[in-house]
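Peer 1: next one to model:
(one chain, ligands or ions: 1)
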Amino acid sequence: MPRAILYSGTRNASSWAMRAWLALRAADCDFEEIVVDIRRPQRFANLDRMGVISPSGTVPALVVGDRTIFDSLAIMEYANDMVGGRLLPTDPLRRAQARSLMAWQHSGLSRICARISFESAFYPYKRSLTYEENAEASRFFGAIEPILLESGGPFLFGEPGLADFMLAPTALRLLRHDADTAKWPAARQWMQQVEAHPLVHTWMDEADREPAIWYDDYLVPDAPIDLYKSSRGATVCDPPR
Ligand SMILES: N[C@@H](CCC(=O)N[C@@H](CS)C(=O)NCC(=O)O)C(=O)O
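Peer 2: Residues are numbered from 1 along each chain as shown. A predicted model of the protein is given here:
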């Protein structure tokens with residue numbers, strides 16, 4: 001069979017691609033990667049071209065032989081299947097718990113991700129989280145704290161697995177925005193573990209070297225706008241749709 005091809009996205013813009021990439025790498029899958037530039041304005045033409053490969057016209061997409069797996073969650077499950085399921089807990093109830101967390105993330109995670117873009121995790125200046133954002137983050141921390149206490153960590157179900165990789169971009173958004181974790185020490189430790197994971201570190205290191213992708217609605221009070229715009233050849237864009 002020809003080598004699989006992962007169509008991923010710009011490192012500091014594609015949290016979905018990051019998840020698929022992490023799972024494939026954790027499963028030691030052999031694949032070639034093609035990074036699709038999803039920054040505006042070229043985003044639209046490039047995603048149109050993705051439509052030839054993938055019915056959803058999105059990244060990530062994994063082409064294996066003559067088939068395309070065109071959703072991050074499906075790619076993650078495929079990676080897990082390739083290693084006999086070892087990236088999910090063996091106990092059926094815990095496995096279902098891991099999948100619940102993954103499904104929660106996949107369906108928006110109570111709008112945390114819509115409010116705090118992945119791109120903003122790479123800004124040299126961060127705004128404070130709002131009351132609502134901290135409340136949503138607390139709901140998330142409150143859900144994972146008992147899971148971590150039960151497993152004993154350092155990852156959600158002990159060893160690093162799909163649930164950790166699925167939630168990694170959220171952990172990084174929250175950690176880098178200094179979300180309030182006073183009541184959730186295990187959750188804070190978990191976010192730090194996720195950040196320090198070698199695969200996450202590799203992705204983030206590359207992402208940190210990309211020019212920042214600023215959204216006009218992300219304003220840090222008192223920070224000079226010129227500083228945003230001059231930082232690292234920044235790309236200034238409309239808010240995400
Ligand atoms: N449910 C999809 C979502 C993928 C997604 O939205 N990817 C973004 C880039 S990170 C994209 O390609 N968006 C283009 C669009 O939605 O038209 C997945 O999990 O793979």
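Peer 1: any low-confidence regions in this protein?
Peer 2: Low-confidence segments of the chain (pLDDT under 70): 1, 222-241.
Peer 1: is stretch 119-127 anywhere near the ligand?
Peer 2: No: counting by CB under 6 Å from any ligand atom, the ligand is not contacted by stretch 119-127; separation bottoms out at 10.3 Å. Every C-beta, even on glycine, is put in place using the N, C-alpha and C of the backbone.
Peer 1: how distant is that stretch from the center of its chain?
Peer 2: Counting by CA atoms, centre = their mean, to the nearest Å, stretch 119-127 is centred 15 Å from the centre of its parent chain.
Peer 1: got a list of contacts for it?
Peer 2: Residues from elsewhere that reach stretch 119-127 (CB atoms under 8 Å, 6 or more residues apart in numbering): 12-13, 169, 172-173, 176-178, 207-208, 210, 212-215, 218-221, 223, 227-228, 231.
Peer 1: and the longest helix along the chain, what does it pack onto?
Peer 2: As assigned by DSSP state H, the longest helix anywhere in the chain is helix 131-151. Contacts defined by 3 or more CB pairs under 8 Å, 6 or more residues apart in numbering; DSSP states H and E place helix 131-151 against helix 92-106, helix 112-115, helix 162-176, helix 185-196.
Peer 1: report the separation between Val123 and Gly9.
Peer 2: If you look again at residue 123, you'll see it is Tyr, not Val. Separation of Tyr123 from Gly9 (CB to CB, to the nearest Å) stands at 18 Å.
Peer 1: now Leu24
Peer 2: According to CB to CB, Leu24 and Gly9 sit 14 Å apart.
Peer 1: tell me the domain boundaries of the chain?
Peer 2: Per automatic domain parsing, the structural domains of the chain span 4-82, 92-205.
Peer 1: so which bits of this protein are right by the ligand?
Peer 2: Residues of the chain lying near the ligand by CB under 6 Å from any ligand atom: 9, 14, 16-17, 38, 47, 57-60, 71-73.
Peer 1: quick one on the thing from earlier: out of Tyr123 and Gly9, which sits in the busier spot?
Peer 2: Between Tyr123 and Gly9, counting by other CB atoms under 10 Å, Gly9 is the more crowded of the two (26 against 22).
Peer 1: which residues touch that one?
Peer 2: With CB under 8 Å, 6+ apart, Gly9 has these contacts: Trp16, Ala17, Val35, Val36, Ile38, Val59, Pro60.
Peer 1: any chance of a markdown table for these, columns secondary structure and distance to Met102?
Peer 2: Putting the contacts of Gly9 into a markdown table (DSSP: H, G, I helix; E, B strand; the rest coil; distance: CB to CB, whole Å) gives the following:
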| residue | secondary structure | distance to Met102 |
| --- | --- | --- |
| Trp16 | helix | 13 |
| Ala17 | helix | 16 |
| Val35 | strand | 24 |
| Val36 | strand | 23 |
| Ile38 | coil | 22 |
| Val59 | coil | 19 |
| Pro60 | coil | 15 |
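Peer 1: mind giving me CSV with the residues you listed and columns for neighbour count?
Peer 2: Formatted as CSV, those follow (neighbours: other CB atoms under 10 Å):
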residue, neighbour count
Trp16, 21
Ala17, 27
Val35, 16
Val36, 21
Ile38, 21
Val59, 26
Pro60, 27
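Peer 1: so can I have a markdown table of those residues showing distance to Ile147?
Peer 2: Listed next are the contacts of Gly9 as a markdown table, based on distance: CB to CB, whole Å:
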| residue | distance to Ile147 |
| --- | --- |
| Trp16 | 23 |
| Ala17 | 26 |
| Val35 | 33 |
| Val36 | 34 |
| Ile38 | 32 |
| Val59 | 30 |
| Pro60 | 26 |
